[in-house]
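Asker: based on what follows, work out the 3D shape:
(2 chains)
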Amino acid sequence: MKSRRDFLKSAATGAALLGSRSRLGLAAMIQQQVSGASSRVVVARDAALGKPGAQLDEQRVLALLDRAMAAYTGREKPAEAWQKIVPKGKVIGLKINGLGGRGISTHAVLVQAISERLQQAGVPAGDIVVWDRNARDIEACGMTIATDAGRVRCYGSDVAGYEDGEEACGSARLRMSKILTRECGMVISLPILKDHEIAGLTFTMKNMYGVIDRPYLLHGGNCNPGVADLNAIPVVREKVSFTVGDALTSVYDGGPSFHPERLWYPGALIVGQDRVAVDTIALEMIERKRAEEGLPTVEAVGRPAHYIDTAADAAHRLGTNDPKRIHLMEI
Amino acid sequence: MIVLEILCSVGCKKAEIDPFPASGAVAGWQKTSDTRTFAAKDLWQYIDGDAEHYLSAGVISTSTSDYRYQDKLDAVVDVYTMGDATGAQKAFDTDPSRSARTVALGDAGIAYEQSVTFRKGPSLVRIVAYENTPDAQSALLALAHGVEAKL
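Answerer: The predicted structure follows:
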């Protein structure tokens, strides 16, 4: 079996090919490359964005988003790319992650770039909701609360509230945010790439801990099977169907809180529909960085991200963690 | 007897410590937010995911406040109050500090360019700056000494 390291190496080679052939037409090339059932994940990088301390350039982030979406959808025009992803006539939620506080939260500039492209794709501003647990988390991302109809709205579950009824999630019973259950027809997950003290990794599946009222109930067993069980709840499985992961900045150790001494600047976005595949790639990125820094794997330090395997198992069927079935495009 | 018990319960009550220096108490530093305090059971609301690290060390409460230095550096001060000094030591020792330098603060302290952590008795203090400026570390250390003096 191909090792994960070999897999990443060959993926990088594929990315080089992709770059050299970009003028041939992405749609045709992707169609050609993706034969058979596989989950596509795009990792788009801009070295200029991967610099410590620098203010993120809005235009570069927008351009990086456009490249990622073009590679993912095969549509070079941003509006057309987004039209392939978002349904018509639905409220689109952007679930950001400000848990780590200012410094290691989803970047506002990325949220703004996605909001802009969604509107160009025909989503009315009033049908876009940027949300997280509460006002503090939203402000940590550099966003401000906005509830006016007709504009892009931005507020937390502390305002919208949680459902009275509880959902069974393994042995826990949890209440879901009304923003997810009632407001949004589709949710795009915008996690930020981080090491996690308990789970090993926090990225797109773990981002869903921000849609429930008592996330600490799912921390047992290194968040396994909590993360997988939560993502398998129908309203999460069905509505949260796309990820634009923020790997512009990351923390490779000591997460999920802000540890400036362990920050890292991949300058990347990770895009995909298969949440398990996206997290598989995200974990590989964290592990590569940890290895570069001379740190042991997250499993070796007692926080294995086994919830990814659980999410892929026959009981959950949330996606694939099999490198042979992940079509990674690094651009 | 009852009177004595009442007197003792009032007189023996430990005064609540406010470890957060007021604006201007440390040169250049302004306190820019109200202090928020989280009981152990609510710590997840502040640092979900990291809370276990402090809970396993016996945290009783956590207080936090924002600061700004000369309009160019923002920082957050977190004060974790443990059940005893052993808890503070446990939380301090389990935090990786590979490239930190040791600083003379409280019972033990370390500093990076953008953060200072120290423990004093049952308290563990972590101060983190969001920007990296040439004088960030010295400014953080000054603020840390201000907190230490109030513990």
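Asker: buried set for stretch A:279-289?
Answerer: By 16 or more other C-beta atoms under 10 Å in any protein chain shown, the buried positions in stretch A:279-289 come out as A:279-287, A:289. Placement of C-beta: from N, CA and C, glycine included.
Asker: which of those lies closest to B:Gly49?
Answerer: A:Ile286 (14.7 Å; C-beta to C-beta).
Asker: in the stretch 101-250 of chain A, which spans are helices?
Answerer: A:108-120, A:135-140, A:157-160, A:178, A:220-223, A:226-232, A:234-239 (DSSP state H, counting those that start in this stretch).
Asker: circling back: for the buried residues of stretch A:279-289, give me CSV that also has pLDDT and secondary structure.
Answerer: As requested, those are exported to CSV (pLDDT from 0 to 100; DSSP: H, G, I helix; E, B strand; the rest coil):
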residue, pLDDT, secondary structure
A:Asp279, 98, helix
A:Thr280, 98, helix
A:Ile281, 97, helix
A:Ala282, 98, helix
A:Leu283, 98, helix
A:Glu284, 97, helix
A:Met285, 97, helix
A:Ile286, 97, helix
A:Glu287, 97, helix
A:Lys289, 97, helix
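Asker: ok, and of those, which contact chain B?
Answerer: Among the buried residues of stretch A:279-289, no residue sits close to chain B (C-beta under 8 Å from any C-beta of the partner chain).
Asker: wait, isn't A:Glu163 in contact with A:Met176?
Answerer: Yes - using C-beta atoms under 8 Å, A:Glu163 makes contact with A:Met176 at a distance of 5.2 Å.
Asker: would stretch A:151-163 count as contacting chain B?
Answerer: No - Stretch A:151-163 does not reach chain B (C-beta under 8 Å from any C-beta); its nearest approach is 10.0 Å.
Asker: spell out which parts of chain B neighbour chain A.
Answerer: B:44, B:47-53, B:74, B:76, B:95-96, B:99-100, B:112-115, B:128-132.
Asker: so how do I select the buried members of these in PyMOL?
Answerer: Buried subset of these, written as a PyMOL selection, criterion 16+ other C-beta under 10 Å:
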select buried, chain B and resi 44+47+48+49+50+51+52+53+74+76+100+112+113+114+115+128+129+130
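Asker: now the stretch 1-150 of chain A against chain B: closest residue?
Answerer: A:Gly103 (5.0 Å; C-beta to the nearest C-beta).
Asker: find the nearest non-adjacent residue to residue 120, please.
Answerer: Since you didn't name a chain, this refers to chain A. Leaving aside its sequence neighbours, A:Gln120 sits nearest to A:Ala79 (C-beta to C-beta, 6 or more residues apart in numbering or on different chains; 4.6 Å).
Asker: wrong one, chain B
Answerer: Nearest one to B:Lys120, counting by C-beta to C-beta, 6+ apart, is B:Gly106 at 3.2 Å.
Asker: ok, the one you found - how many residues close by?
Answerer: 21 (other C-beta atoms under 10 Å in any protein chain shown).
Asker: coming back round to it: for the helices of the stretch 101-250 of chain A, which one sits closest to A:Thr297?
Answerer: helix A:220-223 (13.2 Å).
Asker: the nearest residue to A:Gly142 once chain neighbours are set aside and B:Asp18: what is the separation?
Answerer: Distances taken as C-beta to C-beta, 6+ apart put A:Ala108 closest to A:Gly142, at 3.5 Å, once the chain neighbours are dropped. Distance of A:Ala108 to B:Asp18, given as C-beta to C-beta, to the nearest Å: 33 Å.
Asker: who's more crowded, the two?
Answerer: The neighbour comparison of A:Ala108 against B:Asp18 (other C-beta under 10 Å) goes to A:Ala108, with 22 against 13.
Asker: need the winner for burial among the helices of the stretch 101-250 of chain A.
Answerer: When you average the neighbours per residue for each of these (mean count of other C-beta atoms under 10 Å in any protein chain shown), helix A:226-232 leads with a mean of 26.
Asker: can you list contacts of it?
Answerer: With contact meaning C-beta atoms under 8 Å, 6 or more residues apart in numbering or on different chains, helix A:226-232 is reached by A:169-170, A:172, A:174, A:199, A:205-206, A:208-209, A:212, A:217-220, A:236-237, A:240, A:275, A:307, A:310-311, A:313, A:316, A:318.
Asker: what's the offset of it from the middle of its chain?
Answerer: 15 Å (C-alpha atoms, centre = their mean, to the nearest Å).
Asker: ok, back up a step: could you dump the helices of the stretch 101-250 of chain A to TSV with distance to B:Lys120 and mean pLDDT?
Answerer: As requested, those are exported to TSV (distance: least, C-beta to C-beta, whole Å; pLDDT from 0 to 100):
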stretch	distance to B:Lys120	mean pLDDT
helix A:108-120	37	97
helix A:135-140	27	93
helix A:157-160	34	96
helix A:178	44	98
helix A:220-223	32	94
helix A:226-232	36	97
helix A:234-239	44	97
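Asker: rewinding a little: only the buried subset of the contacts of helix A:226-232, as a PyMOL command please.
Answerer: The buried residues among these can be selected in PyMOL (16+ other C-beta under 10 Å) with this line:
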select buried, chain A and resi 169+170+172+174+199+205+206+208+209+212+217+218+219+236+240+275+307+310+311+316+318
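Asker: strands along the chain, start to end?
Answerer: Here I'm looking at chain A. A:39-45, A:92-95, A:128-132, A:153-156, A:167-169, A:172-174, A:186-189, A:192-196, A:200-202, A:240-251, A:263-264, A:268-272, A:326-330 (DSSP state E).
Asker: should've been chain B
Answerer: B:29-31, B:36-39, B:59-69, B:73-82, B:101-102, B:108-111, B:115-120, B:123-129.
Asker: same list (the ones you listed) but as a markdown table, adding distance to A:Leu118.
Answerer: Formatted as a markdown table, these follow (distance: least, C-beta to C-beta, whole Å):
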| stretch | distance to A:Leu118 |
| --- | --- |
| strand B:29-31 | 39 |
| strand B:36-39 | 34 |
| strand B:59-69 | 33 |
| strand B:73-82 | 31 |
| strand B:101-102 | 47 |
| strand B:108-111 | 44 |
| strand B:115-120 | 37 |
| strand B:123-129 | 34 |
